[in-house]
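K.L.:
Make a model of this:
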Amino acid sequence: MSGWVGFMEDGDRTSEYNSQEFIVSQIIGRLATSTLVRVTAVHAAGEVAAVGFLDCVPMVHQVDGAGKNPTPHGSLNNVPYFRLQGGTDAVIIDPKVGDIGIAVFCSRDISTVKNSRQPNVPGSRRRYDMSDGIYVGGLLNGVPQQYVRFSQQGIDIKTPNRITVTSQNFNIDANGNASITGDLTIAAGGAGSFRVSTHHHLNVQPGGGESGGPKPGT
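P.N.:
Model (predicted):
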């Protein structure tokens, strides 16, 4: 038909082999393997909870036979995302809206495993489908503003807010010197808390004697 544009080229009709190869190629083209996606929503992000799910949109559009007219993909919903975790130990740095990452599509329907978090049968007979994606981030993202950086010079930690350490039995063993910019408040057991820059000492005596412990609240 005049004016019609498809994926078949003139050479695909010149022999039986070429025709069969074209059919096989079209079938293979229906298999979802992996693609770049942009995150549009994250569920349970950053919470101290089980690993959550996200919604994302494939970034490489579909095109027609002419290769000129794009059709964006729809949203992929309820996609499990990767978190660095071993047992009950984890680094919680979950995806954020706008992140770019890769979606890997499983060879079978994983819906029953997603719901139960246990080994299970496939939820249906679909195979290599975008409905069975897993998100791994991140790729092609911008410059981080908060980070832990490993380099040959050492480890750098940068945060615009605070660092909080919570532990029932927390001890720090360090070799070397410590340099702190800003004030430092120490809770020194029975001596109470005191500021290093402004604290006073008890039982001060003139001469070569040593002072007492720090004065609480100073």
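
K.L.:
for this protein, what spans make up the strands?
P.N.:
34-43, 53-58, 62-63, 70-71, 76-80, 84-86, 89-91, 100-105, 133-137, 147-151, 154-158, 185-187, 193-195 (DSSP state E).

K.L.:
which stretch among the ones you listed comes nearest Ser111?
P.N.:
Comparing these against Ser111 with CB to CB, the closest turns out to be strand 76-80 (8.6 Å). For glycine as for every other residue, the C-beta is placed from the backbone atoms N, C-alpha and C.

K.L.:
what residues does the longest helix along the chain touch?
P.N.:
Longest helix in the chain by number of residues (criterion: DSSP state H): helix 16-28. Contacts to helix 16-28, defined as CB atoms under 8 Å, 6 or more residues apart in numbering, come from residues Phe7, Met8, Gly11, Asp12, Arg13.

K.L.:
Apply 6 Å and report the result again.
P.N.:
Here helix 16-28 makes contact (CB atoms under 6 Å, 6 or more residues apart in numbering) with Met8, Gly11, Asp12.

K.L.:
same deal with stretch 32-52?
P.N.:
With CB under 6 Å, 6+ apart as the criterion, stretch 32-52 contacts 53-60, 83, 94-95, 97, 99-100, 102-105, 128-130.

K.L.:
hang on, the earlier thing: quick one: buried residues of the longest helix of the chain?
P.N.:
Phe22 (16 or more other CB atoms under 10 Å).

K.L.:
shaky segments in this protein?
P.N.:
Across the chain, the ranges flagged by pLDDT under 70 are 1-6, 45, 188-192, 196-218.

K.L.:
And it, what are its domain boundaries?
P.N.:
As assigned by automatic domain parsing, the chain contains the domains 10-137, 181-218.

K.L.:
Pull up the gap between Val143 and Lys158, please.
P.N.:
Computed as CB to CB, to the nearest Å, the Val143 to Lys158 distance reads 12 Å.
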